[in-house]
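> pasting the structure only:
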C-alpha cells in the first residue's frame, strides 16, 4: 500500500475556483473517476474525479477553499498497482491545444460597418460528448453581448453555459431542451456589425489538433473555459435568465425527487442552490406550506380545492393576520420539528392507520422492577431499569411470534427482517427524536437500560448521529411519565407498526371472585392496514399484555 496525493487536474483557464461540495470523507473507499469535490467558477460548476482507487486517509481541503490545477485535494491509500503512470494527469499543454482562429478576409475587414451573419457553434468542451441542453437562455430576436450565456448544457459531471461568440442579434436557434450537442455543432445564427463577425467566430472542433488526445483524468474541461475568465462578466451577480444555479450533483438530486429547480430559493454563494435547499423545498411542499407552479396551475378559478396538499385536492391553508386580534410573537420551528413534521405528515397521509387499544396488568412486573433497582442501588450500580426496558424485551418476543410486524413494504414486496432494532421516542428541548436500540434480542435488561440512558442523553444534548437513528424495525412512543389513557401514535415509515404507552394506573379488576387493585398499563398499537389486519393486531397486543403480566412467558 502507498499514499498517493490526489490533485486537481487540468481545468482549463479556470484559476482559483471555490470548493462548494466535499463528496467524500476520511475512511471512504473510492473508485477511479469517482467524484471527490465540486468546484465552481463564475460560469460553471464541475465535479473533480479521482485519478486512483483506494481509501481516503486525509482531506487537504474544506468547503470554501480556493483551488487551482495541481492543488492537493486529499491523500489516498492505494495499492501498488494503482500507481501506473497512465493514471497521471497529462500536462495542460498536452491536454488540448487551442483551436486556431481564422483570420478575417481582407474583403470582410474592409466592410467594417456592414452587418454579417455568423454561425453560432458549440466551442471546445473537452472530453465531453453528447451533452444535453438543459436551459435555453435566449430566443430569436434577442440582442446579446459578446460572452453572454446562450444556453446551459450538462454532462454527468458538470453543468456549463455556452457563451455568445460576438455581440449581435439572434436570428435563428436550431436546438431545443433535451437535445444532445457536441463541440463544433451549429446551434443557431446571429447578425453582427462590422469586422467583429469573422474574428469572433470559433474554429470548428475538427481544427483543434489535440482533440483526439484528451487528458485521461480531467473530464471537466468545460466549454466556457476561456469565456469564464472574460473581464466583462461580473462574478458578484447570480446567473441571468433565472438559471437555476446549482452543481451537477444537486441537479441530479432534484431530478430524482421531481423538484422544479427553478422554483427553489438558493441559500449558497450568489444564490447557489444546495442539497439542503432542495430538501427544505420538498418538506415545505409536503407540508402544504409551499405550492409548486404546477400545483398552482391546477387550481380552479376562485382558489377552491386542488391548489394544495400535494395533489390531494385540498382547500388552501388559511391565511390569517393574527396580529389584528392581539399581540403575537413569531418563532421559527426548530430544525428537528421541521424535519420530523414533514415525515409525520407524509406517514399520516400515505399509511392507512388503525389503532388497537388494550391494557396490560403490570402489577408483579412493577414490583420486580422496584426490587431490581433497590438491589442495584445496594450494589452501587448507576443503572436503573425502567418499565420501557421490560416493554422492549416483551416487544421483541411479540415480533418473533408475529413476524409480519417486523417487516417493511418495498413496492408490492414485503421485506421480513431477521434482526430486532427497536426505536424509542426521546423528548428533547427541540422536539421528539427516535434513537434506535440495535440488536435488542441479544441484550439483557440491564444492558438495554444502560444503552437507552446513553442514547437519551445524546438526544437531549443534540449529539445523536445518523447511525443512531437508522435501521429501526419497530418503534415505541412512551408517555407514561406524563399522563393520558390512550392515543394514536403515527407509524414511523418504513416500519409497519408502532406501540404507544400511556400512564399506568391502579384500577379495580375482577379476578373471578372479587375486584382487586391492579396496576394497568394502556397499550396503543397503530399499524399499517395494508400489511396487518385487525385480527393480527389484536393478537399481537393481547400477547404483549400476557407477557408483561407474566414475564416468565418470555422464556417460552
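That came through fine. The model shown is predicted, which means the values in this text are computed figures rather than measured ones.

> make it CA atoms for all contacts and neighbour counts henceforth
Fine.

> Over to residue 414: give its phi and psi.
phi -100, psi 120 (degrees, to the nearest 10).

> shouldn't it be in contact with residue 407?
Yes: look at residue 414 against residue 407 with Cα atoms under 8 Å: they come within range, at 6.4 Å.

> out of these two, which sits in the more crowded spot?
residue 407 (20 against 13; other Cα atoms under 10 Å).

> Contact partners for the nearest residue to that one once chain neighbours are set aside?
Among residues not flanking residue 407 along the chain, residue 416 sits closest, at 4.5 Å (Cα to Cα, 6 or more residues apart in numbering). By Cα atoms under 8 Å, 6 or more residues apart in numbering, residue 416 lies in contact with 403-404, 406-408.

> mind listing which of the residues you listed are in strands?
407-408 (DSSP state E).

> By neighbours, which of the contacts of residue 416 wins?
So for the contacts of residue 416 (other Cα under 10 Å), the most neighbours sit at residue 406, 24 neighbours.

> you'd agree it is up against residue 496?
Yes: proximity of residue 406 to residue 496 meets the contact threshold set by Cα under 8 Å, at 7.5 Å.

> what is in contact with those two at once?
residue 474.

> Which residues does stretch 499-511 contact?
With Cα under 8 Å, 6+ apart, stretch 499-511 has contacts from 475-489, 515-526.

> Just the buried ones out of these, please.
475-480, 485-489, 518-526 (16 or more other Cα atoms under 10 Å).

> Quick one: mark the members of these that sit in helices.
Judged by DSSP state H, the buried ones among the contacts of stretch 499-511 include no members of helices.

> And the helices in the stretch 1-150 of the chain?
In the stretch 1-150 of the chain, the helices defined using DSSP state H, counting those that start in this stretch lie at 92-95, 106-110.

> Correction: the previous question concerned the stretch 351-500 of the chain.
Going by DSSP H, counting those that start in this stretch, the stretch 351-500 of the chain shows helices at 363-378, 387-401, 445-460.

> which ones are touching the residue nearest to residue 390 when sequence neighbours are not counted?
Computed as Cα to Cα, 6+ apart, the closest residue to residue 390 that is not its neighbour in sequence is residue 445, at 6.8 Å. Residues near residue 445 by Cα under 8 Å, 6+ apart: 385, 389-390, 393.

> repeat for residue 55
26-30, 76-78.

> any idea how far residue 8 is from it?
Distance, residue 55 to residue 8, by Cα to Cα, to the nearest Å: 18 Å.

> same question, residue 187
Residue 187 is 32 Å from residue 8, by Cα to Cα.

> just to revisit the earlier point, and the pLDDT for the residue nearest to residue 407?
pLDDT for residue 416: 97.

> And the one 10 residues further on, by the same measure?
In this model, residue 426 is scored at 89, pLDDT.

> Quick one: the strands in the stretch 251-400 of the chain, in order.
353-361 (DSSP state E, counting those that start in this stretch).

> Do you know the pLDDT at the nearest residue to residue 425 once chain neighbours are set aside?
Nearest non-adjacent residue to residue 425, counting by Cα to Cα, 6+ apart: residue 434, 4.5 Å away. What the model reports for residue 434 is a pLDDT of 93.

> Do I have it right that residue 434 meets residue 426?
Yes: using Cα under 8 Å, residue 434 makes contact with residue 426 at a distance of 5.9 Å.

> With neighbour numbers in mind, choose between these two.
Neighbour count, other Cα under 10 Å: between residue 434 and residue 426, residue 434 has more, with 24 against 20.

> Could I get the contacting residues of residue 31?
Residue 31 touches 50, 52-54, counting by Cα under 8 Å, 6+ apart.

> how near is it to residue 52?
For residue 31 relative to residue 52 (Cα to Cα), the value is 7 Å.

> ok, how many other residues are close to residue 18?
That count, for residue 18 with other Cα under 10 Å as the rule, works out to 19.

> Identify the bridge partners of it.
Beta-bridge pairing of residue 18 under DSSP bridges involves residue 40, residue 66.

> when you give positions from now on, start the count at 235
In the new count, where the first residue is 235, that last one comes out as residue 252.

> Could you pull up the residues touching it?
Contacts of residue 252 (Cα under 8 Å, 6+ apart): 273-275, 298-301.

> Pick out the lowest-pLDDT one from the contacts of residue 289.
residue 312 (87).

> number of nearby residues for that one?
20.

> That one and residue 240 touch, don't they?
No: if you go by Cα under 8 Å, residue 312 and residue 240 don't touch, sitting 10.8 Å apart.

> Check what pLDDT the closest residue in space to residue 771 that isn't next to it in sequence gets.
Distance criterion Cα to Cα, 6+ apart; nearest residue to residue 771, sequence neighbours excluded, is residue 590 at 6.7 Å. pLDDT, residue 590: 97.

> you'd agree residue 590 is up against residue 769?
No: the criterion here is Cα under 8 Å, and residue 590 misses it with residue 769 at 9.8 Å.

> Comparing these two, which residue is more hemmed in?
residue 590 (19 against 9).

> Could you measure from the more buried one over to residue 721?
Taken as Cα to Cα, the span from residue 590 to residue 721 is 10 Å.

> can you list residues touching both of those two?
Joint contacts of residue 590 and residue 721 (Cα under 8 Å, 6+ apart) are residue 758.

> Mean pLDDT lowest where, among the helices of the stretch 235-384 of the chain?
Looking at the helices of the stretch 235-384 of the chain, the bottom one is helix 326-329 with a mean of 36.

> on that earlier part again, can you name the residues that contact the residue nearest to residue 659?
Residue 668 touches 657-660, 703, 709, counting by Cα under 8 Å, 6+ apart.

> Take those and lay them out in TSV including distance to residue 269.
What follows is these, written out as TSV (distance: Cα to Cα, whole Å):
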residue	distance to residue 269
657	35
658	37
659	37
660	37
703	27
709	37
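
> Which of these fall in strands?
Those of those lying in strands (DSSP E): 657-658, 660, 709.

> Next, give me the two most distant ones among these.
Farthest-apart pair in these is 660 and 709; separation 11.1 Å (Cα to Cα).

> Of residue 421 and residue 242, give the one with the bigger neighbour count.
Between residue 421 and residue 242, residue 242 has the larger neighbour count (other Cα under 10 Å), namely 22 against 17.

> Help me confirm that that one comes into contact with residue 295.
No: contact criterion Cα under 8 Å: residue 242 and residue 295 do not qualify, at 11.1 Å.

> Now do residue 271 against residue 657, distance only.
35 Å.

> who has more neighbours, those two?
Using other Cα under 10 Å, the more surrounded residue of residue 271 and residue 657 is residue 657, with 26 against 21.

> ok, now which ones touch that one?
Contacts of residue 657 (Cα under 8 Å, 6+ apart): 668-671, 703, 706-710.

> Please repeat the previous calculation with a cut-off of 10 Å.
Shown in contact with residue 657 (Cα atoms under 10 Å, 6 or more residues apart in numbering): 626, 667-672, 686, 702-711, 726, 732.
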